[in-house]
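Asks: Turn this into a model:
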Amino acid sequence: MKDLFDLTGKVALVTGASRGIGESIARLLAQYGAHVIVSSRKIDGCEAVASSIRDNGGQATAMACHVGDMLQITDTFESIKSDFGKLDILVNNAAANPFFGHILDTDLGAYNKTVDVNIRGYFFMSIEAGKMMKEQGGGVILNTASVNGISPGDMQGIYSITKAAVISMTKSFAKECGPLNIRVNALLPGLTDTKFASALTTNEAILKKALKVIPLGRVADPDEMAGTVLYLVSDASSYTTGTTVVVDGGMLA
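Replies: Residues are numbered from 1 along each chain as shown. The predicted model follows:
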């Protein structure tokens, strides 16, 4: 019987993969046979994860890319074309959240940085990947959005707005790329124990308030997000596109 989760022979690009949820995703996809391109802004962090994957018997390559920089996006896909000749899976996971405070205090710099990475970056990464996938007859794109895209986080205005845009982007790409055999879905993590979320998880008052509305009563581990991604990028979800899967310990319920 075929293993629906087997990714042997697949090439997967995971952004924001030097730590946190992205690192967990990269490690799990490699565990299931994919050659993972570990990507984030700094090559050292990427190489540390890629090297660890290889040491554990997996296949991985480090590739630095700041998705807020259009030139770096172009260069990354040129490298993927020359090094691998294809891309089967794109996981848009890199994100920016430079501002934590009242929405009225958001300045243009914080706005631009958040939008450039979370919207423009995801959009053009998806376009470049989609063009490759179109040529090769199909592929899968997975966007890491957030529960904040459905219910905005307090003091996280522009970040929440960009994550709502990612949910809409997921559906738009899914509708237009479905006929090309390209599936596009989104993961919506709840509160997860990462450096990225440390402004929330290390603030005792905020954390206490958050845990009150999470039925499971705890913060997620990054590894608890990776299994959903494995499902969404594998043949186990072959008829699933344009959807969002919430992994939040029951918070939105």
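
Asks: what's the single longest strand in the chain?
Replies: Scanning the chain for the longest strand, with DSSP state E as the assignment, gives strand 182-189.

Asks: How many residues are close by Ile73?
Replies: 20 (other Cβ atoms under 10 Å). To be clear about C-beta, it is placed using only N, CA and C from the backbone, and glycine gets the same treatment.

Asks: Sticking with the residue nearest to it when sequence neighbours are not counted, tell me its helix or strand.
Replies: Once flanking residues are discounted, Ile73 sits nearest to Phe124: 5.4 Å by Cβ to Cβ, 6 or more residues apart in numbering. Per DSSP states H and E: Phe124 is located in helix 122-136.

Asks: Name the residues that touch that helix?
Replies: Helix 122-136 has contacts (Cβ atoms under 8 Å, 6 or more residues apart in numbering) with 13, 15, 67, 70, 73-74, 76-77, 80-81, 86-88, 90, 92, 139, 141, 143, 166, 169, 173, 177, 180-182, 184.

Asks: Buried ones among those?
Replies: Buried members of those, scored by 16 or more other Cβ atoms under 10 Å, are 13, 15, 67, 73, 76-77, 80, 87-88, 90, 92, 139, 141, 143, 166, 169, 173, 177, 182, 184.

Asks: follow-up on the earlier one: show only the entries of the contacts of helix 122-136 found in strands.
Replies: Those of the contacts of helix 122-136 lying in strands (DSSP E): 13, 90, 92, 139, 141, 143, 182, 184.

Asks: returning to that earlier point: got the CA positions of the helix holding Phe124 in CSV?
Replies: Extracted in CSV, the C-alpha atoms of helix 122-136 (Å, rounded to 0.1, in the frame of the first residue of the first chain):
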residue,chain,number,x,y,z
TYR,A,122,4.6,35.5,0.2
PHE,A,123,2.9,36.8,-3.0
PHE,A,124,6.0,36.8,-5.2
MET,A,125,7.5,33.7,-3.7
SER,A,126,4.3,32.0,-4.7
ILE,A,127,4.4,33.5,-8.2
GLU,A,128,8.0,32.3,-8.7
ALA,A,129,7.2,28.8,-7.3
GLY,A,130,3.9,28.7,-9.2
LYS,A,131,5.7,29.3,-12.5
MET,A,132,8.1,26.5,-11.9
MET,A,133,5.2,24.2,-10.8
LYS,A,134,3.2,25.1,-13.9
GLU,A,135,6.0,24.0,-16.2
GLN,A,136,6.6,20.7,-14.4
